[in-house]
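Participant: need a 3D model of the sequence below.
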Amino acid sequence: MKEFFKKLWFRLFGHRRPAPVLNKELDGEIELPAEEEKIEAPAAARKAARDGCYDNRELSWLKFNERVLEEAEDMRNPLGERLSFASIFQSNLDEFFRVRVGSLFDQMLISEEIRDNKTHMTCREQLTAIFSNVRSLSGRKDADYAALKNELCNYGIEILDYKETDEADRVFLRAYFRESVRPLLAPLVVGKKQPFPFLNNRDIYAIAVLEKKEKTRLGIVPCSAEMLPRLVRIPQHENRYILMEDLILHFAGKVFDNYKVKSKTLIRILRNADIDPDEDVYDDDTDFRNIMEQLVSKRRRLRPIKLEYTRPMDPAIMAHACEYLELGEAHVFQSKSPLDLSFLSSIRNILRDKPELFFDKYTPQIPQEIEMRRSIFPQIEEKDIFLFYPYDSMEPFLKMLTEAADNPNVVSIKMTLYRVASHSRVIGALTRAAENGKEVDVLVELRARFDEANNIGWSRRLEEAGCTILYGLDDLKVHSKLCLITTKKDDHIFYYTQIGTGNYNETTARLYTDFALMTAHQGIGAEANEFFQKLFLGEVMSETKHLLIAPKVLITPALQKIDHQITLAQEGKPAYVGAKMNSLTDKTIIDKFIEASQAGVKIELIVRGSCCLIAGVPGMTENVTVRSIVGRYLEHSRIYIFGAEDPEMYISSADFMTRNTIHRVEVAAPVYDEDVKIRILHIFRTLMADNVKARVQLSNGEYTRAAAGGDPLCAQDYFQKTGNR
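Facilitator: As a prediction, the model looks like this:
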C-alpha cells in the first residue's frame, strides 16, 4: 500500500521534492516543507502573529462536534431531541474517522513531512491531537449517555445491563437466548484452521478469551446480524430493554460451552472510506458508472482506522487483534456507553406519544406571495421567487418541475444532482418530462460520498426514461445546485433558472436551512445554459458576467470584491464583508480576510463547522467576528455579502474551502431583486443576533455561548414563527 501511494505521488508531481501542493481529498490543506531559510526578526514576528490567526481544520471540526454534544447535554432541550443530538454526535465522529482520519493516515504513507498549510502540523501531529481530543469527548459522551439513560427511567423506559435485571427477567432472557438467538449466531474460534475473520465496518462483535487444556484461544461472535433485533424487549414490562450485543456477551459461555471464558468484551471497528477512481487502472472504454460500482464494493474492505471496545481485555489478546487489523495503540478507544447509538432513534419513536419531549412540530409553509393554483412560470417572470427551507415549503420548486414536464412550450430541462431523496419527486418529474418528449440533460454526480450507490441507481432510472446522463467531470466533483428550464414560443427562447444552496432533496429540505432562487433573469439563464453546454463537453466556464462559477471564476472575483472593500476602508469609507457557510478552510481567502481586517474592514462570519480563521487576534483579526449556530435544523445555506451600503449579495453552493473553490464545480448566484436582498440581509442579521443557539469564537480559537443580553433570540424559532416576512 505504501508503495502504491509513493508511485501515485511521483506520477502526479514527477520529482522528489514537490512544491506546496493542493490535495483533493485533504481539501488543499497540505504542504511539504521548503528548504530552510533565514528570516529577519521583524518578518519572523509578523509571521508568528499571522500564524496565531490559524486553526487546524481537523481540530476545529472536533470543536464543532463538541457543540453538537453540548446540545445533547443541554437540559433546555427536550429529552427526545437530546437523544437525537447524542446519536448525531456519534455518527458525525464515525464519518470524521472514516474520511478525515483515514485521509491523514493515507497522507502519512506518502510522506511523514506533509504538513497542514496553516498550522504546519504533520499528519502524525494532527492524529495525535485528534486522538487526545476524541478521548476527552468520548468521556463526555459516556457521561451524557448515562444521564440520558437515567432520565428515560422517569418515562418508564429502561435500558438495562444483564446484571441490572431481576430473576423473572433472567428466566425470560435465558429462554429467549436459547431459542431465538443462539440458533442464529455464527461464532468461531481463531486457530490454525480458522484464521482471524474479516470484521465488517461498524458491526459489533463479542470477543472472548477462551481457555481449554491450558491453551488460550480467541472466540468471536458477530452481533449485528439483520435477523437479530438491536433492542430486546423484556415481557411483563411495558418498556424494559436489553441490547442484543449485551445479551450475547453475557451468554458467551453458552456459545463457547466447551471452553472456559477468561474475559470478554464488545468491539467495533471503523474502516477508511477514502475511495477515488484512478484513471490509470481503467481504460477509456470502461463505463465510469461500472468503475464507481466496483469502488463502492471495495470500500467495505478498506483498512481499519479505529477500534472501540467496552470492557478491558487481556492485553496480549488486544495486541493480537490490533496486529491483525494493523492498528496502533493510539487507534484503540474504550467506550463505557453502547458502541453504536443509532438505536436511540427507536427509543425516540417509543416516546412519540409525549410531544412535550420534542421540539414543537413544524410544517413548512407556502410563501403568501406564491399562488399555487396559478402557473408558476408567469409568477417567476413577474418577480424572482425566493424560498427559505425548511421554513418555506419545497412545493413551489416541485411545481415548477412538474409543470415543465407537461408544458408544451418547454423544450428542455437541464439539472445537476448531487444527493436526492430516497423517494424523489424530482426524479419523477424529470423522467416524466423525458417520457413526454422533452430534452432532459442531467448530471448525476456519482462521487457524492456515501451516496454513490443511490446515485448509480438514479442514473440508471433516468437513463431508462430517455434522459441524457453525465456522471461528472474527470477531475472535478460537480457540487452545484442548478436547474435550467428552456422554453420556446413563436421562435423566442426564454429561460427560467433555479439556483440553490442545498440539494434537490425533499427530505433534507425539512431538516437543513437552505435557499432556492427562481428567476427569469435572461442573463443568468443564458450563462446557466452555457454552463450546461460546457459540462456536457467536459469543460468548465472561464468567464462570466453574472454567476460565480468554480473552479475558474469564483475565488478570484470573491477576492477582488474583498479587495474593493479594503480600498474603501483605506479611503475612510464604510467597508464590510459578511458570509455564512458550513466551513472556512481556504487559506487564500483566510489570508485575504486577515488583510481586510488589518485595513479596517468589518467582517462578520457565520460558520457552522470547521473554521480555520481565528477572530479577535490583536493587530490581525480584531475586526473579524466568527459565530456558529447549532440547533434544531442544520445550518446549510451559504451567503456572500460585499459592501456596507447597497451590498452585492450572492447565494451559493460553495463553502470557502479549497475543495469547493478549486476542486469542485460550484455556482454562486447574484441576488438582483431588492426585496429578496432585504430578506436575505434580514436573515443574516437575525442569525448574527442569536443569543440562544449561537456560539462566538474567542481569540484563542475556542467557542463560548453568545452573551444573553436583552431578550433571548433563537433565530430558528424566530423564523418558524415569522417565516422571515
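
Participant: which residue, other than its chain neighbours, is closest to Met518?
Facilitator: Ile385 (4.3 Å; Cβ to Cβ, 6 or more residues apart in numbering). C-beta: built from backbone N, CA, C; applies to glycine.

Participant: over to Thr402?
Facilitator: Take Thr402 and drop its neighbours on the chain: the residue closest to it by Cβ to Cβ, 6+ apart is Ala429, 4.9 Å away.

Participant: now swap in Ala129 and tell me
Facilitator: Nearest to Ala129 is Leu59, by Cβ to Cβ, 6+ apart, at 5.9 Å.

Participant: so what's the nearest residue to Tyr576 once chain neighbours are set aside up against?
Facilitator: Nearest non-adjacent residue to Tyr576, counting by Cβ to Cβ, 6+ apart: Ala644, 3.8 Å away. Neighbouring residues of Ala644 by Cβ atoms under 8 Å, 6 or more residues apart in numbering: 574-576, 602.

Participant: which helix or strand contains the residue nearest to Thr402?
Facilitator: helix 425-435 (DSSP states H and E).

Participant: check Tyr640 too.
Facilitator: Going by DSSP H and E, Tyr640 is in strand 639-642.

Participant: so what are the sheet partners of that strand and their directions?
Facilitator: Its sheet considered, strand 639-642 pairs with strand 576-581 (antiparallel), strand 648-652 (antiparallel) by DSSP bridges.

Participant: got the CA coordinates for that strand in CSV?
Facilitator: Extracted in CSV, the C-alpha atoms of strand 639-642 (Å, rounded to 0.1, in the frame of the first residue of the first chain):
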residue,chain,number,x,y,z
ILE,A,639,-24.4,33.7,1.7
TYR,A,640,-21.7,36.2,0.5
ILE,A,641,-22.2,39.9,1.2
PHE,A,642,-19.8,42.6,-0.1
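
Participant: give me the buried positions along it.
Facilitator: 639-642 (16 or more other Cβ atoms under 10 Å).

Participant: what do you get for stretch 641-652?
Facilitator: 641-644, 647, 649-652.

Participant: just send the residues you listed back as CSV, with pLDDT and distance to Asp106 too.
Facilitator: Formatted as CSV, those follow (pLDDT from 0 to 100; distance: Cβ to Cβ, whole Å):
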residue, pLDDT, distance to Asp106
Ile641, 98, 37
Phe642, 98, 38
Gly643, 97, 42
Ala644, 96, 44
Pro647, 96, 42
Met649, 98, 39
Tyr650, 98, 34
Ile651, 98, 34
Ser652, 97, 30
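
Participant: could you work out the most separated pair of these?
Facilitator: For these, the farthest-apart pair by Cβ to Cβ is Ala644 and Ser652; their separation is 20.4 Å.

Participant: after the longest helix belonging to the chain, next one along is what?
Facilitator: Longest helix in the chain by number of residues, with DSSP state H as the criterion: helix 123-153. On the C-terminal side of helix 123-153, the closest following helix or strand by DSSP H and E is strand 158-159.

Participant: what pairs with that next one, parallel or antiparallel?
Facilitator: Strand pairing (DSSP bridges) places strand 158-159 next to strand 240-243 (parallel).

Participant: all helices for the stretch 501-650 of the chain, in order.
Facilitator: 522-536, 555-570, 587-599 (DSSP state H, counting those that start in this stretch).

Participant: for Glu666, find the nearest of these.
Facilitator: Comparing these by Cβ to Cβ, helix 555-570 comes nearest, at 9.9 Å.

Participant: which elements pack onto the closest one?
Facilitator: The contact analysis (3 or more Cβ pairs under 8 Å, 6 or more residues apart in numbering; DSSP states H and E) places helix 555-570 against strand 576-581, helix 587-599, strand 639-642.

Participant: and that helix, what's buried?
Facilitator: Buried positions in helix 555-570, judged by neighbour count with 16+ other Cβ under 10 Å: 555, 557-558, 561-562, 564-566, 568-569.

Participant: do the same with stretch 97-113
Facilitator: 97-111.

Participant: likewise stretch 693-700?
Facilitator: Going by neighbour count (16+ other Cβ under 10 Å), the buried part of stretch 693-700 is 693-697, 699.

Participant: the helices in the stretch 1-150 of the chain, which residues?
Facilitator: 2-13, 41-51, 57-73, 79-96, 102-110, 123-153.

Participant: the third one vs helix 79-96, what angle?
Facilitator: With axes from the mean of the first three to the mean of the last three Cα atoms, to 10 degrees defining the directions, helix 57-73 sits at 160 degrees from helix 79-96.

Participant: rewinding a little: can you lay out the buried residues of helix 555-570 as JSON lines showing distance to Val232?
Facilitator: Formatted as JSON lines, the buried residues of helix 555-570 follow (distance: Cβ to Cβ, whole Å):
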{"residue": "Ile555", "distance to Val232": "54"}
{"residue": "Pro557", "distance to Val232": "59"}
{"residue": "Ala558", "distance to Val232": "55"}
{"residue": "Lys561", "distance to Val232": "59"}
{"residue": "Ile562", "distance to Val232": "58"}
{"residue": "His564", "distance to Val232": "64"}
{"residue": "Gln565", "distance to Val232": "61"}
{"residue": "Ile566", "distance to Val232": "64"}
{"residue": "Leu568", "distance to Val232": "66"}
{"residue": "Ala569", "distance to Val232": "65"}
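
Participant: pairing partners for the longest strand seen in the chain, with directions?
Facilitator: What stands out as the longest strand in the chain, according to DSSP state E, is strand 260-271. Strand 260-271 pairs in its sheet with strand 204-212 (antiparallel), strand 304-309 (antiparallel), by DSSP bridges.

Participant: next, the contact list for Thr431, please.
Facilitator: Per Cβ under 8 Å, 6+ apart, neighbours of Thr431: 461-462, 465, 467.

Participant: gap between stretch 378-390 and the chain center?
Facilitator: Using Cα atoms, centre = their mean, to the nearest Å, the distance from the centre of stretch 378-390 to the centre of the chain it belongs to is 28 Å.

Participant: how long is it from one end to the other?
Facilitator: Using Cα to Cα, to the nearest Å, one end of stretch 378-390 lies 24 Å from the other.

Participant: same deal with stretch 149-158?
Facilitator: End-to-end for stretch 149-158, by Cα to Cα: 7 Å.

Participant: what sits up against it?
Facilitator: In contact with stretch 149-158 (Cβ under 8 Å, 6+ apart) are residues 79, 159, 237-241, 347, 350-351, 354, 357.

Participant: turn those into a markdown table, including distance to Val420, pLDDT and neighbour count.
Facilitator: Listed next are the contacts of stretch 149-158 as a markdown table, based on distance: Cβ to Cβ, whole Å; pLDDT from 0 to 100; neighbours: other Cβ atoms under 10 Å:
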| residue | distance to Val420 | pLDDT | neighbour count |
| --- | --- | --- | --- |
| Leu79 | 33 | 98 | 21 |
| Ile159 | 35 | 97 | 21 |
| His237 | 42 | 88 | 16 |
| Glu238 | 39 | 88 | 10 |
| Asn239 | 36 | 94 | 17 |
| Arg240 | 40 | 96 | 19 |
| Tyr241 | 35 | 97 | 22 |
| Ile347 | 29 | 97 | 22 |
| Ile350 | 30 | 96 | 18 |
| Leu351 | 30 | 97 | 20 |
| Lys354 | 33 | 96 | 12 |
| Leu357 | 31 | 97 | 18 |
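
Participant: closest one of those residues to Asp55?
Facilitator: Within the contacts of stretch 149-158, the smallest distance to Asp55 is 33.4 Å, found for Leu79 (Cβ to Cβ).
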